[in-house]
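Q: pasting the structure only:
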């Protein structure tokens, strides 16, 4: 049997006045996702425990079948794995965004999607400014998404569970909240120093010629140490592959022993090549038992508070990914298909949120089982999912339900 999971990141939302009181899923034309709900099982799942900060690091770990309360150590270590950065047991990885801050307000957590070349130049300034005996390393990622590594060199790092940092995407258009707790002085010192370096380098205060606001600082957050994850093949007996433009998921897939599939044109933004993601997912199923297709665009639209962009993104996912992938699976024999976001991201707050996410799954053994495990529905959205009465309170249990033949 072949399995596929499509993750429209952060698509779950609230009713929107701009959408005549509907959620984006209700307002969007998504006949392919509706078909999955109609033919199979629809319900709600809570992927992020209330005691943990809502984010894709926690939500996707749950979706992949791993209890984040047991396995999660932080976001940055997962991204280090994606970049091939080995961490010793006591080393710390820290996310290093390039951001735009003015008067202590987070204007852009992406520095307006800063181009890769510009990002490299700025981060090189930070790295060269560090003393020769520094325990810090700066590693370039993609655009605004980068990493800092603290090497303990056999000692003990400056951070612990009291270290508190805030994701910059949770601060859009708000006063920034700088790190507190153990090691905060180091984090704040690096961030303040970067502000000075960028100004010295002549980064303009106004928009550049292409209309982008400049990066004014690095932002350090998401710290953590290397997690110890059981491989997916050992846990579930299946080979996996993941398609994503986001280092976080690439790293998590790497740690689970999955094949990480590179897709030309996959940007992690609204302009991603949806059709290419579907083509590469279909090809990946030649060798993998399970393919995961993650799309960041819906989440990015929410962070920007752009309801129309969120509508467009989910409709592209529906038409260009879910439709072709489902048709291929049906043509190959026994299969199962699951659609589920990792967490809600509200347009109103422009941030990740706790709460339930709608899931729909269909395929072999699930269409007949629907009345026993969840109500019938004709649309895939938060309201229809709530009406079935089916709730998975611990999101990491959803994968076992999805993979269990005869569930």
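A: Structure received. The structure displayed is predicted, hence computed values, not measured ones.

Q: against residue 31, how distant is the residue positioned nearest the centre of the chain?
A: The residue lying closest to the centre of the chain (C-alpha atoms, centre = their mean) is residue 56, at 3.8 Å. Applying C-beta to C-beta, to the nearest Å, the value for residue 56 to residue 31 is 27 Å. Any C-beta I mention is one placed from the backbone N, CA and C, and that applies to glycine too.

Q: burial of residue 216, as a residue count?
A: The local packing of residue 216 (other C-beta atoms under 10 Å) involves 21 other residues.

Q: so what's the residue lying closest to residue 31 once chain neighbours are set aside up against?
A: Nearest non-adjacent residue to residue 31, counting by C-beta to C-beta, 6 or more residues apart in numbering: residue 318, 7.0 Å away. Contact analysis of residue 318 by C-beta atoms under 8 Å, 6 or more residues apart in numbering lists 28-33.

Q: quick one, helices of the stretch 251-400 of the chain?
A: Along the stretch 251-400 of the chain, the segments classed as helices by DSSP state H, counting those that start in this stretch run 274-284, 297-303, 307-317, 323-332, 370-373, 382-387, 398-403.

Q: want to try CSV for these, with mean pLDDT and distance to residue 200 as columns?
A: Listed next are these as CSV, based on pLDDT from 0 to 100; distance: least, C-beta to C-beta, whole Å:
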stretch, mean pLDDT, distance to residue 200
helix 274-284, 98, 41
helix 297-303, 96, 30
helix 307-317, 97, 36
helix 323-332, 97, 50
helix 370-373, 40, 61
helix 382-387, 96, 49
helix 398-403, 96, 50
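
Q: pLDDT (mean, whole number) over the helix or strand hosting residue 4?
A: Per DSSP states H and E, residue 4 falls inside strand 2-8. When pLDDT is averaged along strand 2-8, the result is 98.

Q: please report the distance of the nearest residue to residue 274 once chain neighbours are set aside from residue 301.
A: Closest residue to residue 274 apart from its sequence neighbours, by C-beta to C-beta, 6+ apart: residue 320 at 3.7 Å. The gap separating residue 320 from residue 301 is 16 Å, by C-beta to C-beta.

Q: quick one, which of these two is more surrounded?
A: Counted by other C-beta under 10 Å, residue 320 and residue 301 do not tie: residue 301 has more neighbours, with 28 against 20.

Q: hmm, residue 272 and that one touching each other?
A: No. Using C-beta atoms under 8 Å, residue 301 makes no contact with residue 272, being 11.8 Å away.

Q: can you give me the distance of residue 83 to residue 226?
A: Distance from residue 83 to residue 226, counting by C-beta to C-beta: 13 Å.

Q: pick out whichever of the two has more residues nearby.
A: A count of neighbours by other C-beta under 10 Å puts residue 226 above the other of residue 83 and residue 226, at 21 against 18.

Q: so the more buried one, which state does it fall into?
A: At residue 226 the chain is in coil, as set by DSSP: H, G, I helix; E, B strand; the rest coil.

Q: show me what contacts it?
A: 73, 77, 80, 87-89, 91, 93.

Q: that one and residue 41: what is the separation?
A: On the measure of C-beta to C-beta, residue 226 and residue 41 end up 36 Å apart.

Q: quick revisit: would you confirm that the residue nearest to the centre of the chain contacts residue 246?
A: Yes. With contacts counted by C-beta under 8 Å, residue 56 reaches residue 246, the gap being 7.3 Å.

Q: so what's residue 129 up against?
A: By C-beta under 8 Å, 6+ apart, the residues touching residue 129 are 193, 197.

Q: for it, give its distance to residue 5.
A: 43 Å.

Q: what do you get for residue 49?
A: 20 Å.

Q: these two: who's more crowded?
A: Counted by other C-beta under 10 Å, residue 49 and residue 5 do not tie: residue 5 has more neighbours, with 24 against 19.

Q: across the sheet, point out what pairs with that one.
A: residue 292, residue 338 (DSSP bridges).

Q: got a list of what it touches?
A: 63, 290-293, 337-340, 402.

Q: next: residue 118.
A: residue 215.

Q: now stretch 65-75, how far from the chain's geometric center?
A: 14 Å (C-alpha atoms, centre = their mean, to the nearest Å).

Q: biggest strand in this protein by residues?
A: In the chain, assigned by DSSP state E, the strand with the most residues is strand 92-102.

Q: show me which positions of the following helix or strand past it end up buried.
A: The element immediately downstream of strand 92-102 (helix or strand, assigned by DSSP H and E) is strand 105-108. Going by neighbour count (16 or more other C-beta atoms under 10 Å), the buried part of strand 105-108 is 106-108.

Q: one step back: would you convert the contacts of residue 226 into a markdown table that also reports neighbour count?
A: As requested, the contacts of residue 226 are exported to a markdown table (neighbours: other C-beta atoms under 10 Å):
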| residue | neighbour count |
| --- | --- |
| 73 | 18 |
| 77 | 27 |
| 80 | 30 |
| 87 | 20 |
| 88 | 12 |
| 89 | 9 |
| 91 | 20 |
| 93 | 29 |
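
Q: among the residues you listed, which are located in helices?
A: 77, 80 (DSSP state H).

Q: lowest-confidence member of the contacts of residue 226, which is it?
A: Across the contacts of residue 226, the smallest pLDDT goes to residue 89, namely 89.

Q: how close does that one sit to residue 49?
A: Using C-beta to C-beta, residue 89 is found at 25 Å from residue 49.

Q: just give the number of residues close to residue 383.
A: Going by other C-beta under 10 Å, the residues that sit close to residue 383 add up to 14.

Q: ok, residue 298 next?
A: Neighbours of residue 298 under the rule other C-beta under 10 Å: 28.

Q: residue 359 now?
A: Residue 359: 29 neighbours (other C-beta under 10 Å).

Q: need the contact list for the closest residue to it other than its chain neighbours.
A: Among residues not flanking residue 359 along the chain, residue 340 sits closest, at 3.8 Å (C-beta to C-beta, 6+ apart). Going by C-beta under 8 Å, 6+ apart, residue 340 touches 5-7, 45, 47, 63, 357-360, 398.

Q: hmm, residue 46 is touching residue 397, no?
A: No. If you go by C-beta under 8 Å, residue 46 and residue 397 don't touch, sitting 10.2 Å apart.

Q: of those two, which one has the most company?
A: residue 46 (19 against 14).
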